[in-house]
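S.K.: Generate coordinates for the sequence data below:
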Amino acid sequence: MVQTIRRGQSIRTVALEFGVSKTTVERWIQRTKGKRLDRVDWSDRPDGTSSPVNRCATEVEACVLELRQDLKENSALGEYGADAILHEM
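M.R.: Numbering: from 1, shown residues only. Model (predicted):
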């Protein structure tokens with residue numbers, strides 16, 4: 001793809017030719033910017049961070065799990081879902 005772009009083809013044409021999105025072509029072009037093609041790391045990397053941004057602290061998770069277990073065993077109404085846990089917290 002990158003070689004075809006460097007020969008003067010448009011991103012849209014290359015994307016259609018290879019059956020990928022324009023964003024994919026742009027991503028590979030960006031990865032090769034300013035480098036010889038034989039020196040580029042071609043391994044695929046996942047998008048985003050290595051851990052979720054919205055992950056709660058381990059202590060909070062342990063507290064929620066303990067509370068859920070307690071509600072499951074001792075709740076008068078038998079409720080131990082998210083609403084019950086939020087109410088108890």
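
S.K.: Now the residue nearest to residue 88 when sequence neighbours are not counted: which helix or strand?
M.R.: Excluding the flanking residues, the one nearest residue 88 by Cβ to Cβ, 6 or more residues apart in numbering is residue 67, at 5.7 Å. From N, CA and C alone the C-beta is placed, and that goes for glycine too. Secondary structure assignment for residue 67, by DSSP states H and E: helix 58-74.

S.K.: C-terminal to that helix, what's the next element?
M.R.: Using DSSP H and E, the helix or strand that follows helix 58-74 towards the C-terminus is helix 82-88.

S.K.: tell me the mean pLDDT over that next one?
M.R.: What helix 82-88 shows for mean pLDDT is 88.

S.K.: What is the distance between stretch 20-33 and the centre of its chain?
M.R.: For stretch 20-33, the separation from the chain centroid amounts to 18 Å (computed by Cα atoms, centre = their mean, to the nearest Å).
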